[in-house]
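**Q** model this:
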Amino acid sequence: MSQDDGKADLLSSLREAVDYATTAGLLNDANALATLDAAESARRDGQAPDLKAVSQALNDMVALIAPLTLADLHFHRNPLSRENQARTRMYQFWLPVMALLTLVLIGYLMQSLRQAQSFVARVEQVQSQHPEQRLAALQQMVLVDKLLAASSSKPGSSVRVQYLEKLSEMQRLNDELVALSALADDWLSGPGDAFSGLSSLPPEPELDSGAAPPAAAAESVGGLNQTGGTGEAGHADSSAATLEASAQGSTAVEETTVLCEGKDGELLLPDRLKKLPQWMQEMAFDDLRTFCFRLQLAGSGSRSMPEFKSILSKLGAAMPTIKDKIRLRSEWLLPFLYGLLGSMLFVMRTIGNIRLPAMHDMSILMRIALGGMAGIVVGWFSIGDPGATAGITSAIAWPFVLAFVTGYGIEALFSVLDRMNRIIADATYPKREAGTGTP
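**A** Numbers count the residues shown, from 1 in each chain. Just a heads-up that it's a prediction; the model follows:
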């Protein structure tokens, strides 16, 4: 480049800086204008302009138009040009729309995350209460110890009160397990989030210590073929023959009720089962005891108890899937969206400021993408297991706040990463001492 070309570039840069400062209302001193006029007049007259004066005026203009630089003016990033103003108006429409859609998606995912965490917490709470053991204890109280039968003539006795308290607890566990089982079925079979109404437990059922109507008792007995007993799988096979008569109507119900009463409160096996081997009779006797216990619960006004073991197994199988969904939202989707939202707000603020360089299409796309990726990177540093239920995630959880802040000011993340890189490099390759050839 010749000396004349260098002078022309200096004058061109000074002219662009003066034009921008004048349009933006920043030019308060006329010295730069006078220097520019004198230099252009000298070039028209074929004389060499005063380079020292031009350079000094250019340095003053660079300080005046900051943070805009001469490079921004050279590469058509003048925020006041007509082309850039037209592009800015277009982005001022689309970016708020995209930000609002992102905010709606964040709200939906946050609600789904809180509901899933509430579901996990409720399942863990029910599992910690050991419903199978509670049901077995209630059965022991009614059928083996016969405490309830001994105190049946005393409705206000302590044993009767204890029985009703245990029965009330079992009914609450029953209602909770049935609700959770239905939610787990919807989650595993549906295409999306089926968690609705997870934040509140079912209402406590009303207890009635009196006898249930015959129709309700028959309905409960008929439902036992579906719910089964609390025994093992082998017991369930043998109980099918024992409970076959209970599905034939009211006559079968009366016959089974007689079997449950027996002599001196003992259970009686049908004659056709007494021909079986002793071990099969014992299995049938255990299942008949469980059946009579369920029948006695139905007669006391209680709703039919489900097979807790099968429901707990179903919930245990659904928990890994739901926890994986929680981790996906907590570690990837939500940090990405929060970072994306922060970068969109930064771009919206930047393109509307005439003191900042105009952003072109690729620079806007890269800035928004960097914000989303920075949000994910910050999410990697979050402490704790997102699938844990120590506390339900709120909208102002710190990992999400950091993801949003990082998406808005991504330069801070780059500064931290660069500083870490220098520390690692200095530790790996220590500097050599001056004047020596050894580290």
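**Q** And residue 113, what's its pLDDT?
**A** Residue 113 is assigned 90 on the pLDDT scale.
**Q** by contact count, what packs against the strand or helix carrying it?
**A** Using DSSP states H and E, the element containing residue 113 is helix 82-128. Judged by 3 or more CB pairs under 8 Å, 6 or more residues apart in numbering; DSSP states H and E, the packing partners of helix 82-128 are helix 158-189, helix 308-328, helix 334-351. No exception for glycine: its C-beta is placed from N, CA and C like everyone else's.
**Q** which stretch in these has the least confidence?
**A** When I compare the helices and strands packed on helix 82-128, helix 158-189 is least confident, with a mean of 78.
**Q** which outside residues touch stretch 14-34?
**A** Stretch 14-34 has contacts (CB atoms under 8 Å, 6 or more residues apart in numbering) with 35-36, 39, 54, 57-58, 60-62, 64-65, 68, 70, 73-74, 78, 80, 354-355.
**Q** Serialize the helices and strands packed on helix 82-128 to JSON lines and add fields for mean neighbour count and distance to residue 50.
**A** Formatted as JSON lines, those follow (neighbours: other CB atoms under 10 Å; distance: least, CB to CB, whole Å):
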{"stretch": "helix 158-189", "mean neighbour count": "16", "distance to residue 50": "79"}
{"stretch": "helix 308-328", "mean neighbour count": "16", "distance to residue 50": "67"}
{"stretch": "helix 334-351", "mean neighbour count": "23", "distance to residue 50": "38"}
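**Q** Dump the ones you listed into a markdown table; add distance to residue 409 as well.
**A** Formatted as a markdown table, the helices and strands packed on helix 82-128 follow (distance: least, CB to CB, whole Å):
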| stretch | distance to residue 409 |
| --- | --- |
| helix 158-189 | 38 |
| helix 308-328 | 26 |
| helix 334-351 | 7 |
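**Q** Among the ones you listed, which comes closest to residue 132?
**A** The closest of the helices and strands packed on helix 82-128 to residue 132 is helix 308-328. By CB to CB, the value is 4.9 Å.
**Q** what angle separates that closest one from helix 158-189?
**A** For helix 308-328 against helix 158-189, the angle by axes from the mean of the first three to the mean of the last three CA atoms, to 10 degrees is 50 degrees.
**Q** hmm, back to that, how about the helix or strand following the helix holding residue 113: buried residues?
**A** Sequence-wise, the next helix or strand downstream of helix 82-128 (DSSP H and E) is helix 131-139. The neighbour-count check on helix 131-139 (16 or more other CB atoms under 10 Å) flags 131, 135, 138, 139 as buried.
**Q** which residues does the closest residue to residue 358 other than its chain neighbours contact?
**A** Excluding the flanking residues, the one nearest residue 358 by CB to CB, 6 or more residues apart in numbering is residue 84, at 3.9 Å. Counting by CB under 8 Å, 6+ apart, residue 84 touches 76, 77, 78, 358.
**Q** low-confidence ranges in this protein?
**A** 1-6, 141-157, 159-160, 187-270, 285-307, 382-396, 431-439 (pLDDT under 70).
**Q** 50 instead?
**A** 1, 151, 153, 191-192, 194-258, 263-265, 299, 301-303, 389-390, 434 (pLDDT under 50).
**Q** follow-up on the earlier one: list buried residues within the contacts of residue 84.
**A** Among those, the ones that count as buried by 16+ other CB under 10 Å are 77, 78, 358.
**Q** Contacts only, for the first one.
**A** It stands for residue 77. 84, 357, 358, 359, 360.
**Q** Redo those as a markdown table? Include distance to residue 405 and secondary structure.
**A** Converted to a markdown table, these look like this (distance: CB to CB, whole Å; DSSP: H, G, I helix; E, B strand; the rest coil):
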| residue | distance to residue 405 | secondary structure |
| --- | --- | --- |
| 84 | 28 | helix |
| 357 | 23 | coil |
| 358 | 25 | coil |
| 359 | 20 | coil |
| 360 | 26 | coil |
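**Q** May I see these organised as a markdown table, with distance to residue 334 added?
**A** Output for these, formatted as a markdown table (distance: CB to CB, whole Å):
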| residue | distance to residue 334 |
| --- | --- |
| 84 | 34 |
| 357 | 32 |
| 358 | 32 |
| 359 | 26 |
| 360 | 30 |
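**Q** Show me what the host helix or strand of residue 421 is in contact with.
**A** Assigned by DSSP H and E, residue 421 falls within helix 410-428. Residues from elsewhere that reach helix 410-428 (CB under 8 Å, 6+ apart): 343, 367, 370, 371, 374, 377, 378, 405, 406.
**Q** Could you rerun that using 7 Å?
**A** Helix 410-428 is contacted by residues 370, 371, 374, 377, 406 when judged by CB atoms under 7 Å, 6 or more residues apart in numbering.
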